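Peer 1: Sequence and computational prediction follow.
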Amino acid sequence: MPKIELDITKLENAASKMRSIAHPMRIAIIEMLSESAKLSVTEIYERLQIEQAAASHHLNILKSKGVLVSKREGKKIFYMLRNKAISQILDCLNRCNDD
């Protein structure tokens, strides 16, 4: 059996990203952003019916782990998925639940 080379840094980064999305509100944010190119903080917390501070907390976690990116336009900050592949991972997990 051949020995497998493991890139510990890459594995730790992947695990960190997975932990960052492992929350119902953060999954909901990712799903919303997979359907919209970008959303403002206001749009996100109003759609989720949560406090602005809670939305900002979840958005900061996702941004710090590289799941989201943000862009300021005037007084508003918009969030976008850094990579659409994260929504494909969630789609796959949702399909696994259908069994």
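Peer 2: Great, that's in hand. This is a predicted model, so every value here is computed, not measured. Residues are numbered from 1 along each chain as shown.

Peer 1: can you confirm residue 83 is in a helix?
Peer 2: No. Using DSSP: H, G, I helix; E, B strand; the rest coil, the assignment for residue 83 is coil, not a helix.

Peer 1: In its sheet, which strands sit next to the strand or helix carrying residue 77, and in what direction?
Peer 2: Using DSSP states H and E, residue 77 falls within strand 76-81. Next to strand 76-81 in the sheet, as set by DSSP bridges, lie strand 39-40 (antiparallel), strand 68-73 (antiparallel).

Peer 1: Now that strand: average pLDDT?
Peer 2: For strand 76-81, the mean pLDDT works out to 96.

Peer 1: Same check on stretch 4-22?
Peer 2: In this model, stretch 4-22 carries a mean pLDDT of 90.

Peer 1: list the buried ones in it?
Peer 2: The neighbour-count check on stretch 4-22 (16 or more other C-beta atoms under 10 Å) flags 17, 20, 21 as buried. No exception for glycine: its C-beta is placed from N, CA and C like everyone else's.

Peer 1: Okay, and the first one sits in which element?
Peer 2: Put plainly, it is residue 17. helix 8-21.

Peer 1: Show me what that helix is packed up against.
Peer 2: Applying 3 or more C-beta pairs under 8 Å, 6 or more residues apart in numbering; DSSP states H and E, we find helix 8-21 packed against helix 24-35, helix 52-64, helix 85-97.

Peer 1: Packed most tightly, which of the strands paired with strand 76-81 would that be?
Peer 2: Highest mean neighbour count of the strands paired with strand 76-81: strand 39-40, a mean of 17 (counted as mean count of other C-beta atoms under 10 Å).

Peer 1: Can you tell me what sits against that one?
Peer 2: Strand 39-40 is contacted from outside by 32, 33, 47, 76, 77, 78, 79, using C-beta atoms under 8 Å, 6 or more residues apart in numbering.
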